[in-house]
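> quick one, what's the 3D model for this:
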Amino acid sequence: RLHRAASRDALSGCTACSSPALGYRPLIFLRCRCSLPEFIRHPTMMRSNFFHRMRAATLSAIKHLRANRANKVRPDDPEAVEYESLEPREMLSAAPIAQMIARPLIDANPQATFNTVSGYTPAQIRHGYGFDRALFNNGTIQGDGTGQTIAIIDAYDDTNIINDVTAFDRQFGLAGTDATGVGKFLTRVAPQGKATDPSGGWQMEMALDVEWAHAMAPGAKILLVEAKSASLGNLIAAVDYARRQKGVSAVSMSWGATEFSGLQTLDSHFTSANRQGITFIAAAGDNAGAMLWPAVSSHVLAVGGTTLNLDSAGNYLAGTEAAWSDGGGGTSQYSPKPAFQNGVNSTRFRMTPDVAFNADPATGFAVYSSVPWQGNNGWFRVGGTSAGAPQWASLLAIANQGRALSGKGSLDGFSQVLPAVYHAGGGIATSSFHDITSGSNGNAARAGFDAATGQGTPFSDLVIADLLKV
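Residues are numbered from 1 along each chain as shown. Next up is the predicted model:
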């Protein structure tokens with residue numbers, strides 16, 4: 001157990017491949033990305049007084065191990081050296097991960113006065129991205145998510161959320177225009193207990209997520225799961241709660257933390273636990289070219305960002321949508337390339353985003369939050385890739401509504417949606433996406449898949465129609 005003691009020394013990382021060191025993680029014996037196993041590659045350890053004792057003890061342990069194996073020493077031999085296998089690179093102790101902090105991925109601009117509404121309206125976005133053209137049963141049923149539940153995972157408690165959604169709905173004439181009406185589709189739970197974010201940032205995130213998921217899929221139910229804090233441990237527990245709830249078919253996560261070694265050991269949290277298909281959707285990030293977890297998980301649909309231009313009627317202006325300069329995306333350092341990316345990704349690691357949505361705060365969404373944020377409350381124009389996650393969740397809820405009408409089950413993200421995004425077995429047609437070919441987040445947008453906007457933004461009615469066939 002020598003590595004447990006050594007882990008208390010701060011590590012600076014591998015000099016050969018610049019693998020980062022996270023405090024108190026038993027990194028010194030783990031293989032880096034460059035596959036150099038020696039802990040002597042870490043310069044802080046080389047300077048440590050502990051280094052020489054560690055090196056001698058390790059060499060001695062290896063010598064005894066080899067001797068024991070050669071002599072087939074019995075387990076009960078008092079002279080035998082017990083050899084404890086070290087964690088492989090994919091494994092991390094639970095505590096450091098649980099203590100990492102996620103951040104909401106919002107970029108909000110307060111309006112000139114409390115009553116000023118600015119930013120795109122639900123009607124404009126529904127028309128611009130084609131949500132209003134999603135119809136079922138030969139055009140007799142509007143696609144609105146009826147019969148589906150979208151789970152939204154956020155941190156801390158927002159006691160004002162029902163009143164804020166009511167104000168939003170009244171402004172834009174959406175269903176559920178009073179507290180009673182909101183209660184019919186919005187359920188708010190805090191399974192770990194409640195705490196408040198004094199900055200107001202998470203409450204702003206909740207307002208954005210709930211208001212715009214509802215705006216795109218007004219017939220869907222929304223389950224808002226509030227984690228007690230922004231620690232990954234609490235947020236993961238909130239995800240686990242959501243995926244066990246009956247009827248949940250999409251889980252939206254508009255938050256993230258810098259990717260870390262061992263992240264694929266958490267993929268099991270992004271699988272269904274309620275006996276039906278679930279798609280997990282996450283924002284790719286608002287730091288140009290950065291890679292965030294959970295978006296980087298191969299079990300999660302990662303949503304990048306664009307700058308969207310619509311006319312006043314909400315008509316899409318072809319050829320003008322561009323990659324948002326601050327959008328997250330790129331190539332992971334840790335998450336292996338999933339099979340569904342084989343046709344577009346020549347590296348050994350996962351690339352994000354998979355798809356995109358409007359995210360630029362300059363072309364952002366109108367959001368109402370009465371909780372003060374940066375000294376302001378009321379109407380905001382909000383951007384960030386966090387806006388795309390709940391709206392892609394709404395798109396998938398509408399697709400699942402159509403599938404239910406056809407007697408099919410809800411979509412599973414990992415085995416159905418993600419392969420379909422990359423056209424497996426036909427999947428979602430290339431022509432069902434707006435292919436973004438201009439702009440950059442450090443990775444240039446180009447024809448086809450790229451690390452700025454993935455496959456592009458949706459012609460929602462066409463994407464939904466394609467998903468009915470999966």
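> contacts and neighbour counts: CA atoms only from here.
Noted.
> sketch out the helices for the stretch 201-350 of the chain, chain order is fine.
If you assign secondary structure with DSSP state H, counting those that start in this stretch, the helices in the stretch 201-350 of the chain sit at 201-216, 232-243.
> pipe these into TSV and attach mean neighbour count, mean pLDDT and distance to A420 per row.
Listed next are the helices of the stretch 201-350 of the chain as TSV, based on neighbours: other CA atoms under 10 Å; pLDDT from 0 to 100; distance: least, CA to CA, whole Å:
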stretch	mean neighbour count	mean pLDDT	distance to A420
helix 201-216	26	96	22
helix 232-243	22	96	22
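> make CSV from those and add distance to P191 to it.
Conversion of the helices of the stretch 201-350 of the chain to CSV gives the following (distance: least, CA to CA, whole Å):
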stretch, distance to P191
helix 201-216, 17
helix 232-243, 8
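> which one, of these, ends up nearest to N441?
Of all the helices of the stretch 201-350 of the chain, helix 201-216 sits nearest to N441, with 22.6 Å by CA to CA.
> now do the closest one: distance to the chain's middle.
Computed by CA atoms, centre = their mean, to the nearest Å, the chain-centroid distance of helix 201-216 equals 15 Å.
> now do that helix: which elements does it pack against?
The criterion is 3 or more CA pairs under 8 Å, 6 or more residues apart in numbering; DSSP states H and E, and the helices and strands that helix 201-216 contacts are strand 103-104, helix 122-128, strand 149-155, helix 161-172, strand 221-227, strand 365-373, helix 388-405.
> contacts only, for A282.
For A282, the residues meeting the contact criterion (CA atoms under 8 Å, 6 or more residues apart in numbering) are 252-255, 294-295, 300-303, 386, 389.
> bridged to it, which residues?
Here A282 shows beta-bridge partners M253, A302, assigned using DSSP bridges.
> where does this protein have low pLDDT?
Applying pLDDT under 70 to the predicted model, the residue ranges of the chain that meet it are 1-99, 106-115, 176-183.
> buried sites along stretch 371-384?
371, 373, 376-384 (16 or more other CA atoms under 10 Å).
> most surrounded residue in the contacts of A282?
Using other CA atoms under 10 Å as the neighbour criterion, V303 leads the contacts of A282 with 36 neighbours.
> residues touching that residue, list them.
When the contact criterion is CA under 8 Å, 6+ apart, the partners of V303 are 281-284, 295, 352-357, 385, 388-389, 453.
> and it, how far from T279?
Here V303 is placed at a distance of 13 Å from T279 (CA to CA, to the nearest Å).
> same deal with E205?
With distances taken as CA to CA, E205 is found 20 Å from T279.
> likewise for P458?
Applying CA to CA, the value for P458 to T279 is 17 Å.
> more neighbours: which of those two?
Between P458 and T279, counted using other CA under 10 Å, T279 has the larger neighbour count: 29 against 23.
> next, the buried residues of stretch 339-357.
Taking 16+ other CA under 10 Å as the neighbour-count basis, stretch 339-357 is seen to contain the buried residues 340-341, 345, 349-357.
> ramachandran angles for F459?
Comment: the main-chain dihedrals of F459 come out as phi -80, psi 90, following degrees, to the nearest 10.
> residues near it, how many?
When neighbours are counted by other CA under 10 Å, F459 registers 19.
> that one contacts D132, correct?
No. Because the distance of 10.5 Å does not satisfy CA atoms under 8 Å, F459 is recorded as not touching D132.
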